[in-house]
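J.: Below are the sequence and a predicted model; questions follow.
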Amino acid sequence: MAEKKIPMRKCTGCGAVKSKKELIRVLRTPEGDIKIDKTGRANGRGAYICDSVECFKKARRSGSIAKSLSTAIPDEVYDELIKEMENNG
């Protein structure tokens with residue numbers, strides 16, 4: 001029996017390639033909202049990031065999350081995402 005393929009994704013903060021389950025998905029919904037997708041299956045455009053606040057802050061400074069989601073992200077949304085990551089971690 002063939003081995004099951006493990007989906008790999010690249011962190012937008014540090015650039016490390018990890019399995020999809022190890023990373024957190026930041027999602028831009030079709031309505032334009034930015035949120036964290038806990039299931040990894042929600043409809044919309046996603047960007048993956050390591051489960052660390054430092055990595056998230058690095059991605060914020062470089063603007064790589066906004067670039068991956070093809071939208072500008074206000075500072076308030078970044079602050080909400082960081083709080084949500086800290087509460088879940």
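T.: All right, it came through fine. Numbering: from 1, shown residues only.
J.: Name the residues of the helix or strand bottoming out on mean pLDDT in the chain that are buried.
T.: When each helix and strand of the chain is scored by mean pLDDT, DSSP states H and E, helix 75-88 comes last, with a mean of 85. Across helix 75-88, burial judged by 16 or more other CB atoms under 10 Å covers Val77, Tyr78, Leu81, Met85. Placement of C-beta: from N, CA and C, glycine included.
J.: ok, these vs Met1, which is closest?
T.: Nearest to Met1 among those: Met85, at 37.7 Å, using CB to CB.
J.: where do the strands sit along this protein?
T.: Using DSSP state E, the strands of the chain run over 8-10, 17-19, 24-28, 34-37, 45-49.
J.: thinking again about what came up before, return the member of the buried residues of helix 75-88 nearest to Val17.
T.: Met85 (20.4 Å).
J.: Straight-line length of stretch 48-57, end to end?
T.: Terminal residues of stretch 48-57 are spaced 13 Å apart (CA to CA, to the nearest Å).
J.: thinking again about what came up before, will you turn the strands of the chain into a markdown table that also has mean neighbour count and distance to Ala66?
T.: As requested, these are exported to a markdown table (neighbours: other CB atoms under 10 Å; distance: least, CB to CB, whole Å):
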| stretch | mean neighbour count | distance to Ala66 |
| --- | --- | --- |
| strand 8-10 | 15 | 16 |
| strand 17-19 | 12 | 21 |
| strand 24-28 | 21 | 10 |
| strand 34-37 | 17 | 9 |
| strand 45-49 | 21 | 9 |
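J.: In a markdown table: these, plus mean pLDDT and distance to Met1.
T.: Shown next, in a markdown table, are the strands of the chain (pLDDT from 0 to 100; distance: least, CB to CB, whole Å):
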| stretch | mean pLDDT | distance to Met1 |
| --- | --- | --- |
| strand 8-10 | 96 | 21 |
| strand 17-19 | 96 | 20 |
| strand 24-28 | 92 | 29 |
| strand 34-37 | 90 | 31 |
| strand 45-49 | 94 | 29 |
